[in-house]
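**Student:** Predicted structure and sequence below. I'll ask about it afterward.
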Amino acid sequence: MMAEIHKIADQLRHPEEEVRRRAIEQLTRQRGGEVLDLLNQALGDTSWRVRKTASEVITKYPDRKTAISLLLNCLYDSENAGRRTSAIEALIQIGSEAVEDLIRAFDTPEVDVRKFILDILGDIADPKALPLLLKAVEDEDENVRLAAVEAMGKINGEQAVKKLLELVEKSQDLTLRFSALHILGKLGVALPEELVDRLVKERLFRRAVFEVLGQVPSRKGVEYLLSGLSDSAKSVRQSAIRSLAKIYQTDQEGFLRERIEQGLERILNNQVLEQMGEFLQGNHYSTRKAVLLLLSCVSNPRAWEYLFQASLDDSLSVEVGESLERLKERYPEQFRRFLARQSEEIRQTVKALLQEEEQLAGELIPSQSLSDEEFNQIRTRLSASYGLYFDDEMKYLVERRVKARIKQLGLRRISDYLTRLEDTLSGGEELNILANLLATNETYFFREEFQLRAFQEEIMPELIAYARKNNHLLKIWSAGCSSGEEPYTIAMLLKERNDLNDLRIEIYGTDMSKKMIEKARRGVYSSSSFRVINPYYLEKYFLPQGDKFQLSEEIKKMVKFDCFNLLSFNYPGYLKELDVIFCRNVLIYFSLEAKRILVEKFYQLLRPGGFLLLGHSESLMNLSTAFQIRHFKNDLVYQKPEAEERKWRRI
């Protein structure tokens, strides 16, 4: 036995993670102090795959009390965030059996540990934890109070709902009120009408209230949401749009649907339409899909203009096709005349989308749909392999893409497709194809102007000074670059500088989609890629090619493209000591654990002082405290500290 333990201990020092992972598997259902020591070591391994295996093994440890005690001690390890995260996962897996120990362990001065314990109790969702949660909402630390509210929402029940309503109505803590309100919406709890009236008048709460109204439909709620379309706050308008679309889709009797249609006909003036059109150019899939739905509910030609223009956006093809089909059915003659007035590019695109929609309508067995179990099976595999996460609202999108793929493969049933995904030979390749079909490849040149201005005017001078001082090769990476617009934008910005002289600069663009990388290497783009470009760049760096534009060779040569999965453990060697990582509007599609893994990887790949640029709707909140925030004149960005006095810490 001891010889075997020593052998496993040696294997845990092996440089290859797969050797270490298999070594841990050998400890399943063994016991003893030496076994626990090895599991504890593996819980803090540098590889998340090794940590995950150790977490799974310790949940099967025969002496459950001893295992729980070890895992609780891991929560105190502020030097190794990986060990903490692995311990959290294991405690959640152990479940109700760990609840009493977790409740006792909450009595600690360590704020982080108290928060972690509440997070775990929420995921276990055992009602025995409710008395502690009711007490914890009064904790001295805000993060602990918020964790208690989140956990109450997961446990649910009459007592939890009563407390959440009380917090919304009476708490002096604004953040706590927001959180409680959001959770009540997720639970589908109808708010008292007088409370809604009061909250809508509180400007800070309007967005949160509108989200709740979308979860619990009512006539009065629809009127509030319609008024929200002209609100001065962009976030409030966005919330109103999504909630109206949700009600429209789920209204079985049609009464609220009719009120929405009538209301839209009444209020969709030029200003409201222009603001809705801006959301079509954004990066929130659910908002963009909601806008398309609402635009197809009216006979307003001005609304149709935005809808027809959206047909040129490849990332919305399925959703636009469905909306166009709805318009065609409701207003056939008006639709025909309107289409005839469009450009040749739009006419051909619309016809192709309608044909595709018609084919999908006659697909397979019409009544066949993706069950919840099948949906969970698919999204679990996508999350494990690619980090992509699809919540319940995205089931519609997954079903549409899966059905289209089934038709393409000539299969008859969804079960046949799931069998194909499980095939040891072709399953991995098919999962990759599906991931690419589901990934939103929405991008265009010079996206997020303020951030690019910060990069060009404020970050680049710092990088240039560093490179000259240290004879350093400047390395910039566009992670999740889709069809290449982002790294090519960076290349054009650098080409315009006159202070680079003989500095060595490399720009990399990577994406998991071979199709997108091939398109990026070709450098040929349609009008949807140029929605915000300055004519100067279009004229200087592009040549017309029919109804498209070809990027100049001098810019194409500046970018090196590669295809790989961001969650791959085998990163290419050139992605080291990076100066800047652009990962904009990518994290929003990832699961929480995948985000944490990826942000940790970014931290490791950046040189000290390097920059991480995320999309404007993204942040590192609840992901990492290792980066510092730089407040530039044009934007806020994340930076790895110059001197690594901060130890890596994942939350």
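**Tutor:** In hand now; what should we look at?
**Student:** mind showing which ranges of the stretch 301-450 of the chain have poor pLDDT?
**Tutor:** In the predicted model, the stretch 301-450 of the chain carries pLDDT under 70 at residues 315, 357-368, 440-442.
**Student:** at 50 what do you get?
**Tutor:** The model of the stretch 301-450 of the chain has pLDDT under 50 over residues 363-367.
**Student:** The chain now?
**Tutor:** 363-367, 645-651.
**Student:** Mark out where each domain of it begins and ends.
**Tutor:** Taking automatic domain parsing as the criterion, the chain consists of the domains 2-159, 164-331, 372-438, 449-639.
**Student:** Can you get me the start-to-end distance on the shortest one?
**Tutor:** Read it as domain 372-438. 18 Å (C-alpha to C-alpha, to the nearest Å).
**Student:** Over to stretch 181-199?
**Tutor:** One end of stretch 181-199 to the other measures 10 Å (C-alpha to C-alpha).
**Student:** Show me the contact partners of it.
**Tutor:** Stretch 181-199 has contacts (C-beta atoms under 8 Å, 6 or more residues apart in numbering) with 149-150, 152-153, 156, 161, 164-165, 168-169, 205-206, 208-209, 211-216, 218, 220-221, 224. Every C-beta, even on glycine, is put in place using the N, C-alpha and C of the backbone.
**Student:** Also stretch 466-481?
**Tutor:** 443, 463-464, 486-487, 490, 503-512, 516, 520, 561, 566, 574-575, 577-583, 586, 602, 605, 609.
**Student:** out of the domains of the chain, which comes closest to Leu353?
**Tutor:** Closest to Leu353 of the domains of the chain is domain 164-331 (C-beta to C-beta; 3.8 Å).
**Student:** what separates the closest one from the chain centre, distance-wise?
**Tutor:** 20 Å (C-alpha atoms, centre = their mean, to the nearest Å).
**Student:** Stretch 566-582 now?
**Tutor:** On C-alpha atoms, centre = their mean, the centre of stretch 566-582 falls 20 Å from that of its chain.
**Student:** so how far is stretch 428-447 off the chain centroid?
**Tutor:** The mean C-alpha position of stretch 428-447 is separated from the chain mean by 13 Å, C-alpha atoms, centre = their mean.
**Student:** now stretch 37-47
**Tutor:** For stretch 37-47 - counting by C-alpha atoms, centre = their mean - the centre lies 29 Å from the chain centre.
**Student:** Any buried residues in it, and which?
**Tutor:** If you call a residue buried by 16 or more other C-beta atoms under 10 Å, then stretch 37-47 has these buried ones: 38-45, 47.
**Student:** Report all helices and strands that the top strand by length along the chain contacts.
**Tutor:** Assignment by DSSP state E gives strand 606-614 as the longest strand of the chain. In terms of contacts (3 or more C-beta pairs under 8 Å, 6 or more residues apart in numbering; DSSP states H and E), strand 606-614 is packed against strand 578-583, strand 636-639.
**Student:** Name the residues of the helix or strand where Arg401 lies that are buried.
**Tutor:** Per DSSP states H and E, Arg401 falls inside helix 395-409. Of all the residues in helix 395-409, those buried under the rule 16+ other C-beta under 10 Å are 395-406.
**Student:** ok, those vs Gly228, which is closest?
**Tutor:** Tyr396 (23.3 Å).
**Student:** how close does that closest one get to Ser243?
**Tutor:** According to C-beta to C-beta, to the nearest Å, Tyr396 stands 16 Å off from Ser243.
**Student:** What of Leu474?
**Tutor:** Taking C-beta to C-beta, one finds Leu474 at 46 Å from Ser243.
**Student:** So for the two, which sits in the more crowded spot?
**Tutor:** Ser243 (26 against 19; other C-beta atoms under 10 Å).
**Student:** secondary structure class for the more buried one?
**Tutor:** Classification of Ser243 using DSSP: H, G, I helix; E, B strand; the rest coil returns helix.
**Student:** so which strand or helix has the closest residue to it other than its chain neighbours?
**Tutor:** Using C-beta to C-beta, 6 or more residues apart in numbering and skipping residues adjacent in sequence, the residue nearest Ser243 is Gly214, 2.6 Å away. Counting by DSSP H and E, the element that carries Gly214 is helix 206-215.
**Student:** Repeat that for Asn143.
**Tutor:** Under the assignment here (DSSP H and E), Asn143 is part of helix 142-155.
**Student:** for the residue nearest to Asn634 when sequence neighbours are not counted, what are its contacts?
**Tutor:** Sequence neighbours aside, Ala454 is the residue nearest to Asn634 in space, at 3.9 Å (criterion: C-beta to C-beta, 6+ apart). By C-beta under 8 Å, 6+ apart, the contact set of Ala454 is 632-635, 637.
**Student:** Could you look up the SS state of Ala454?
**Tutor:** Assignment for Ala454 (three-state DSSP): helix.
**Student:** Next, find the distance separating it from Glu448.
**Tutor:** Between Ala454 and Glu448 the computed distance is 10 Å (C-beta to C-beta).
**Student:** cool, Gln26 as well?
**Tutor:** In terms of C-beta to C-beta, Gln26 sits 49 Å off from Glu448.
**Student:** How many neighbouring residues does Asp511 have?
**Tutor:** 28.
**Student:** ok, now Cys481?
**Tutor:** Cys481 has 30 nearby residues by other C-beta under 10 Å.
**Student:** what do you get for Leu12?
**Tutor:** For Leu12, using other C-beta under 10 Å, the count is 18.
**Student:** Return the set of buried residues in the helix or strand hosting Met516.
**Tutor:** Counting by DSSP H and E, the element that carries Met516 is helix 514-522. The neighbour-count check on helix 514-522 (16+ other C-beta under 10 Å) flags 516-517, 519-520 as buried.
**Student:** Now for the residues you listed: which two are most distant?
**Tutor:** The most widely separated members of the buried residues of helix 514-522 are Ile517 and Lys519, with 7.3 Å between them, by C-beta to C-beta.
**Student:** Mind listing the shared neighbours of these two?
**Tutor:** Joint contacts of Ile517 and Lys519 (C-beta under 8 Å, 6+ apart) are Gly484.
**Student:** Please pick the buried ones from the contacts of stretch 466-481.
**Tutor:** Taking 16+ other C-beta under 10 Å as the criterion, what is buried in the contacts of stretch 466-481 is 443, 463-464, 486-487, 490, 503, 505, 507-512, 516, 520, 561, 566, 575, 578-583, 586, 602, 605.
**Student:** separation between Asp511 and Trp477?
**Tutor:** 12 Å.
**Student:** Report the separation between the two terminal residues of stretch 323-343.
**Tutor:** 19 Å.
**Student:** got a list of contacts for that stretch?
**Tutor:** 292-293, 295-297, 299, 301, 304, 307-308, 311, 347, 350, 353-354, 357-358, 361.
**Student:** roughly how far is that stretch from the heart of the chain?
**Tutor:** Worked out by C-alpha atoms, centre = their mean, stretch 323-343 lies 34 Å from the chain centre.
**Student:** And for stretch 467-485?
**Tutor:** With C-alpha atoms, centre = their mean, you get 24 Å for stretch 467-485.
**Student:** Which positions in it come out as buried?
**Tutor:** Using 16+ other C-beta under 10 Å as the test for burial, stretch 467-485 gives 467, 472, 474-485.
**Student:** same deal with stretch 323-331?
**Tutor:** Here stretch 323-331 shows 323-328, 331 as buried, counting by 16+ other C-beta under 10 Å.
**Student:** Name the nearest of those residues relative to Asp423.
**Tutor:** Out of those, the member with the shortest distance to Asp423 (by C-beta to C-beta) is Glu325, at 34.0 Å.
**Student:** what's the distance between that closest one and Ser296?
**Tutor:** When distance is defined by C-beta to C-beta, Glu325 is 9 Å away from Ser296.
**Student:** same check, this time on Glu17
**Tutor:** 50 Å.
**Student:** Look at those two and report which has more neighbours.
**Tutor:** More neighbours surround Ser296 than the other of Glu17 and Ser296, with 22 against 16 (other C-beta under 10 Å).
**Student:** Enumerate every residue touching that one.
**Tutor:** With C-beta under 8 Å, 6+ apart, Ser296 has these contacts: 307, 323-324, 326-327.
**Student:** want to throw these into JSON lines with secondary structure?
**Tutor:** Formatted as JSON lines, those follow (three-state DSSP):
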{"residue": "Leu307", "secondary structure": "helix"}
{"residue": "Ser323", "secondary structure": "helix"}
{"residue": "Leu324", "secondary structure": "helix"}
{"residue": "Arg326", "secondary structure": "helix"}
{"residue": "Leu327", "secondary structure": "helix"}
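**Student:** Great, nothing more from me.
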